[in-house]
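[1] Give the three-dimensional model of this entry:
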Amino acid sequence: MAGVCAEKLKDLSLHFFDILENSAKAGARKVDFTLSYTEERLYFRFLDDGPGFPPFLLPDPADPFKTTRHERPVGLGLALLQESLQAAAGSLVVRNHPQGGAEVKGSLDMSHLD
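    Numbers count the residues shown, from 1 in each chain. Model prediction:
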């Protein structure tokens, strides 16, 4: 069981790295990251100081066929993260923060990590 938990945490860390990398590519100079948990849930939040998400992405930011990428016509990062979180009874919120920048936050049920 410990191997399964470690593998799922590794996957989550790769999703987190992807969010950080995307913030940097978008021009953010600062990213605030918060991670908290209770016995039941894990919560995370990224807030950067970049330009935020373009308007065409906001209705469904996890749509892999809407992307700002130029090297390929799909962006799977948020789609795969959303799928992982939903599989763990979690949720994903992606928006432009009212004070500026992009905000990505989510949660998952800790019992699904085992």
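
[2] what about the nearest residue in space to Asp109 that is not next to it in sequence, neighbour count?
    Leaving aside its sequence neighbours, Asp109 sits nearest to Ala89 (Cβ to Cβ, 6 or more residues apart in numbering; 3.9 Å). For every residue, glycine as well, the C-beta is placed using N, CA and C. As a burial measure, Ala89 scores 14 neighbours (other Cβ atoms under 10 Å).

[3] Would you check how far apart Ala89 and His97 are?
    Ala89 sits at a distance of 26 Å from His97 (criterion: Cβ to Cβ, to the nearest Å).

[4] Surely the residue nearest to Asp109 is in contact with Gly106?
    No. Using Cβ atoms under 8 Å, Ala89 makes no contact with Gly106, being 11.6 Å away.

[5] just checking, what packs against whichever helix or strand Thr34 is part of?
    For Thr34, the host element (DSSP states H and E) is strand 31-37. Applying 3 or more Cβ pairs under 8 Å, 6 or more residues apart in numbering; DSSP states H and E, one finds that strand 31-37 makes contact with helix 2-25, strand 41-48.
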